[in-house]
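Enquirer: show me the folded form of this:
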Amino acid sequence: MNSPFAFVLSIIAIAMCYKLMNTWLKQRHVKPESNEELEETLSKIDLLEDRIKVLERIITENKFDLKSEIDSL
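Expert: Sure thing, here's the model as predicted:
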């Protein structure tokens, strides 16, 4: 371990381990999303799902057949 190359590699490894541990410790203290924000997002998703269901129903109805509408004109 007397070579300068091994010394440089060990310094780099120590620095990388320090950075990794520092990042890991910071991530442990991150607060999760608030329940209020999560519930608001879920309610928006439910509303959008309902709107999509209505649009799908309109599209699949026989009355929406554009070709027959054009032919009837």
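
Enquirer: domain ranges for this structure, per the record?
Expert: Per automatic domain parsing, the structural domains of the chain span 1-30, 34-73.

Enquirer: I'd like the ones you listed written out as TSV, with mean neighbour count added.
Expert: Every residue, glycine included, has its C-beta placed from N, CA and C. What follows is those, written out as TSV (neighbours: other Cβ atoms under 10 Å):
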stretch	mean neighbour count
domain 1-30	9
domain 34-73	9
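
Enquirer: pipe these into a markdown table and attach mean pLDDT per row.
Expert: What follows is those, written out as a markdown table (pLDDT from 0 to 100):
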| stretch | mean pLDDT |
| --- | --- |
| domain 1-30 | 85 |
| domain 34-73 | 80 |
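
Enquirer: following the helix or strand harbouring Leu25, which helix or strand comes up?
Expert: Leu25 is part of helix 4-28 when elements are defined by DSSP states H and E. Later in the chain than helix 4-28, the nearest helix or strand by DSSP H and E is helix 35-60.

Enquirer: from Glu61, how far out is Tyr18?
Expert: 64 Å (Cβ to Cβ, to the nearest Å).

Enquirer: one more: Asp50?
Expert: Per Cβ to Cβ, Asp50 is found 17 Å from Glu61.

Enquirer: do Ile14 as well
Expert: Distance of Ile14 to Glu61, given as Cβ to Cβ: 68 Å.

Enquirer: can you check Leu20 too?
Expert: As judged by Cβ to Cβ, Leu20 and Glu61 stand 58 Å apart.
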